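Asks: How does the following fold in three dimensions:
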Amino acid sequence: MNEIATVSQQPSWNAITRKWMRKNQVTQLDMATRLGVSEGAFAHWLNGRRKAKIEVIQEIARAEDRPTLKSILFLSMH
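Replies: Below is the predicted model of the structure:
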């Protein structure tokens, strides 16, 4: 069996961010404040009601002290 994960098999940024938020006891309001957006806007991105632009996802990664989107995906695999 092929052991290389495809993009669709990897956790979404939303799932990774939720896991990070739980682990670090960070609320949606905390993240929204860090990003300079409303709690509602962040909740829509996190819940998939609205698609976040790649720049927003990268900003979320920085808010999580992860420098890039690539690092989010890499860390989720380990």
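
Asks: Could you check how far residue 46 is from residue 65?
Replies: In this view, residue 46 and residue 65 are 18 Å apart by CB to CB, to the nearest Å. Every residue, glycine included, has its C-beta placed from N, CA and C.

Asks: which of the two has more neighbours?
Replies: Per other CB atoms under 10 Å, whichever of residue 46 and residue 65 has more neighbours is residue 46, with 20 against 9.

Asks: mind checking the SS state of residue 40?
Replies: For residue 40, the assignment made with DSSP: H, G, I helix; E, B strand; the rest coil gives helix.

Asks: The chain should start at 102 in everything you say after this.
Replies: All right, first residue 102 from here; so that's residue 141.

Asks: since we're on it, how many residues are nearby?
Replies: Counted with other CB under 10 Å, residues neighbouring residue 141 total 12.

Asks: Equivalent analysis for residue 146, please.
Replies: Counted with other CB under 10 Å, residues neighbouring residue 146 total 24.

Asks: How about residue 124?
Replies: By other CB under 10 Å, the residues close to residue 124 number 8.

Asks: now do residue 157
Replies: By other CB under 10 Å, 17 other residues sit near residue 157.

Asks: Thought residue 146 was touching it, still the case?
Replies: Yes: with contacts counted by CB atoms under 8 Å, residue 157 reaches residue 146, the gap being 6.6 Å.

Asks: mind checking how far residue 157 is from residue 117?
Replies: Between residue 157 and residue 117 the distance is 14 Å, computed by CB to CB.

Asks: meant to ask about residue 144
Replies: Computed with CB to CB, the distance linking residue 144 and residue 117 is 16 Å.
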